[in-house]
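[1] sequence plus predicted model, see below.
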Amino acid sequence: MTMVHTHPTASRSSARLTSTVWLHRLAGYVSEFAAARRRARMMRALEALPPETLKDIGWPTTDNNRARIVRK
């Protein structure tokens, strides 16, 4: 018994699929970068608030004079 194996040839549809995957990956990186920038901007805004305001919104208090927000 003889088994025949065929290898797929590179066609336009496979090239298009590869470029689509690449674009999705790039879009994922861009969205992650944008989300990280938004988080950093929000953290800076929170750090700029006075301790009394942080207390009013329910942020945990600290022992030192300046309320610092711990970054993860």
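    Noted; the coordinates are in hand.

[2] quick one: average confidence on the helix or strand where Met42 lies?
    Per DSSP states H and E: Met42 is located in helix 12-48. Averaged over helix 12-48, pLDDT sits at 86.

[3] what about Leu54, neighbour count?
    17 (other C-beta atoms under 10 Å). (C-beta placed from N, C-alpha, C; glycine too.)

[4] about what we covered before: list the buried residues for the helix holding Met42?
    Within helix 12-48, not a single residue qualifies as buried, counting by 16 or more other C-beta atoms under 10 Å.

[5] helix or strand right after it?
    helix 51-56.

[6] was I right to think Leu54 contacts Leu46?
    Yes: using C-beta atoms under 8 Å, Leu54 makes contact with Leu46 at a distance of 7.3 Å.

[7] in stretch 52-59, what counts as buried?
    For stretch 52-59, a neighbour-count test (16+ other C-beta under 10 Å) marks Leu54 as buried.

[8] give me phi/psi at Gly58?
    Backbone torsions for Gly58, taken as degrees, to the nearest 10, come to phi 90, psi 20.

[9] from Ala45, how far out is it?
    Using C-beta to C-beta, to the nearest Å, one gets 16 Å for the distance from Gly58 to Ala45.

[10] one more: Ala27?
    Separation of Ala27 from Ala45 (C-beta to C-beta) stands at 27 Å.

[11] could you do Trp22 as well?
    35 Å.

[12] where does Trp59 fall, secondary structure wise?
    Secondary structure (DSSP H and E) places Trp59 outside all helices and strands.

[13] about what we covered before: what packs against the helix holding Met42?
    Contacting helix 12-48 under the criterion 3 or more C-beta pairs under 8 Å, 6 or more residues apart in numbering; DSSP states H and E is no other helix or strand.

[14] one more time with 10 Å, if that's ok
    helix 51-56 (3 or more C-beta pairs under 10 Å, 6 or more residues apart in numbering; DSSP states H and E).
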